[in-house]
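1. Here you go, sequence then predicted model.
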Amino acid sequence: MTTTTQAPVRGAAEPGPGGRRRWTEKVLGRQPLGILFAAPYAVFLVAIFAYPLVLAVWISFHDYFFAAPGAQVDRPFVGLDNYRAVLGDPDVQRSFLNVAEFLVINVPLTVVLSLVLATALNAAVRARTFLRVSYYVPYVTASVSLVAVWLFLFSKDGLVNQLLGPLAPNPSWLVNEALAMPVIALFVTWKQLGFYILLYLAALQNVSKDLYEAASVDGAGRLASFRNVTVPGVRPATTLVVILATITGANLFTEPYLLTNGGGPDGASASPVFVMYQKGIEQGNPDTASAIGVVLVICVLLISLVNRKLLERD
Amino acid sequence: MRTKMIATSAAVLALGLTAACGGGGDSSGATSATGPIKIWMSNNPEEITWAKAMVKEWNAAHPQEKVTAQEIPAGKTSEEVIGAAITAGNAPCLVFNTSPAAVPQFQKQGGLVPLDDFDGATKYIEDRSGDSAEQYKSPDGKYYQIPWKQNPVMIFYNKDLFKKAGVDPENPPLATYDDFLATSKKIVDSGAAPNAIAPAPSSEFFQSWFDFYPLYAAQSGGKQTVEDGKATFDDTAGKDVWDFWATMYKDGYAPKEAYNGDAFADKKAAMAVVGPWAIAVYKDAVNWGVVPVPTKDGMDAGQVHTFTDAKNVSVYSACKNQKTAWDVLKFATSKEQDGKLLETTGQMPIRKDLPTTYADYFAQHPEYKMFADQASRTVEVPNVPNSVQIWQEIRDNYSSSVIFGKNSVDDGLSTAADKATELAGQS
């Protein structure tokens, strides 16, 4: 019989003097210096993300408005009143439906297009760098300038309608209730595509070439290889793309604000963040705006959890 | 690990709550303190020219109370920037671009100083602006803004396009709704311009000030949208105005999609709803004429009311030297400085007897005379709580019923009016 003896890991549950771990180790961990290195980012996270989130939750339970320093104002606790108000507000309800419509179009389109284009780019021999840069340019360009181009394309007298001639929709794209949100979804998909292609390109480098060879030996064509090797091989990246696209999409603001003139036509493209802006900033009601924000955060968390569960199933 | 996470979360929560509950400090106004002050002004080039000259003159005479002027920092709107500055406690002493619609909100924030706290201020305001001043009083009976200048809204039209459409450019039939619609039809049918007029069909709360409100002021004989705490516009006048604009959109005389640029300057629309600022802007681009806004059956031009499109000045509570701020405000709104403002910008100081006070100017610049006459019959936005929210309700219902024709005008009017009354009654 052979026995092996494992050397004890230094520091792991190693008893201190007197057989007890020192309290500093308990509180600060085995490598206190690590806390120092991590501190700047932790402080950044607390100040920029955690604190505003906690404050928003607090605001959403109070009759709150922004006031001058020193102003004597009453901000009583109102329980769930703000939540009742926003959940019963038809404009808010509609904005959530609008963003759901947006996500239903944007997220699958983003996943499919970015995976297909990344696979094509990965296989491309010529002009690969040029194509990668081309896809990435819209992502790094400010939405404001891109919106101007899309207005030129999709306005009533725009290029698309001129090409379509009598087939052009009436009312035109951006003032058509049925088409405004799909146009925005298409715009955002196109704009963000470069980033997601990069994620998939990185993931594709980890898919073993042996698997493709084995598939080829088994008689799989390109499509079968894509379906049976590439798609499962980049599944973790797909989870990431879906979650990121959902979070980014749920925060939709610039496009309804600029492309469809403030959530138009008649609120058909108003997003929850746009309604938050109207209520919180323009109308001076940060309490109801915060309640919308908290509901949105909860919805995004739930959707992301469901996505993760579904996508990471074996 | 779990304990650490809970402890960290608790610390963050405590930090948030402590800050949320925080605030406080001394808000007592230094209404008798003097010294240097900062002021903000609009980024309009003509106004900047006037403000620089005004400040230079003041500083030369008051070296101990130096004024530093700057444009309002960039933002989506001036009101958002000013609101943020109030919250941060770094608002300037004076803002020469305070929108009357934002005053109730700034007042609620504790950001404004009641001008009545300064000796003789009430009398000064009422002597300068006459009866118009009443519109700018807050519900507590105090003035938190001095009525400064206005741009009475009228209809500008392109004489060349009217001629092309076969409409008499010197006496265009635009006084009644029927005339206006018939003229619009001629313009569009003749191809003189793709649109008769192009008010912004977008959802911003203030857009109603340039389509619905001027016509409502005219049709109702000078009513505000909320009076004595109740919405007024769900009446015959309101219905007439909404029906009129609904026809303009339905018949294709006004576009449902915003034009990216200046439709009037680019000859995409033959008419525009503008104030006197337009004279300087379009003088080289368009051969223009001007008429009052239309009414249902027509009205003598001398009886037509319209929207003020005013910008006022307030003293902000973050100001340390408030006495100086008030003195500068009086200096900047003196008869002499108002004359210089009129001369430099073409905008109308909110003064009683404007045409006679500056008779020489209007004799030399007859193109401004019609706006000066109109300036005595203007209606301001009501100074009521939740003003911006009320205007957003009006805009949303107007968009639905008038621009996109989804709901009936009756439904839109009553929904907007009910909501406006409810909001005006809240604090």
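-> On my side now, so go ahead.
2. So stretch A:134-153, near chain B or not?
-> Yes. Stretch A:134-153 is in contact with chain B by Cβ under 8 Å from any Cβ of the partner chain, via A:Ala148, A:Leu151. Bear in mind the C-beta positions are built from the backbone N, C-alpha and C, glycine included.
3. For that stretch, what does the pLDDT average out to?
-> For stretch A:134-153, the mean pLDDT works out to 90.
4. Tell me the buried residues in that stretch?
-> Going by neighbour count (16 or more other Cβ atoms under 10 Å in any protein chain shown), the buried part of stretch A:134-153 is A:Tyr135, A:Pro138, A:Tyr139, A:Ser143, A:Leu146, A:Val147, A:Trp150, A:Leu151, A:Leu153.
5. dump the residue contacts of the third one.
-> By Cβ atoms under 8 Å, 6 or more residues apart in numbering or on different chains, the residues touching A:Tyr139 are A:Lys191, A:Gln192, A:Leu193, A:Gly194, A:Phe195.
6. again, but for the fourth one
-> Taking Cβ under 8 Å, 6+ apart as the criterion, A:Ser143 is in contact with A:Lys191, A:Thr254, A:Glu255, A:Leu258.
7. And the residues you listed, which is closest to chain B?
-> A:Leu258 (10.3 Å; Cβ to the nearest Cβ).
8. from memory the closest one sits against A:Val147, does it?
-> Yes. Using Cβ atoms under 8 Å, A:Leu258 is in contact with A:Val147, at 4.5 Å.
9. so which of the contacts of A:Ser143 is the most crowded?
-> Neighbour counts for those (other Cβ atoms under 10 Å in any protein chain shown) peak at A:Glu255, which has 25 neighbours.
10. How about that residue: what's its closest non-neighbour residue?
-> Residue nearest to A:Glu255 in three dimensions, not counting chain neighbours: A:Ile184, with 4.7 Å by Cβ to Cβ, 6 or more residues apart in numbering or on different chains.
11. Kindly tell me how buried that neighbour is, as a neighbour count.
-> Close neighbours of A:Ile184, defined as other Cβ under 10 Å, add up to 26.
12. Which secondary structure element is home to it?
-> helix A:180-204 (DSSP states H and E).
13. So which residues on the stretch 251-400 of chain B come close to chain A?
-> Residues of the stretch 251-400 of chain B lying near chain A (Cβ under 8 Å from any Cβ): B:255-258, B:260, B:317-318, B:386, B:388-389, B:392, B:396, B:399-400.
14. Buried subset of the residues you listed as a ChimeraX selection?
-> Buried residues among those (16+ other Cβ under 10 Å), as a ChimeraX selection:
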select /B:255,256,257,258,317,318,386,388,389,392,396,399,400
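15. Tabulate the residues of the stretch 251-400 of chain B next to chain A (CSV), appending distance to A:Val27.
-> As requested, these are arranged in CSV below (distance: Cβ to Cβ, whole Å):
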residue, distance to A:Val27
B:Pro255, 67
B:Lys256, 65
B:Glu257, 63
B:Ala258, 60
B:Asn260, 60
B:Ser317, 46
B:Ala318, 44
B:Asn386, 51
B:Val388, 51
B:Gln389, 50
B:Gln392, 52
B:Asp396, 55
B:Ser399, 59
B:Ser400, 60
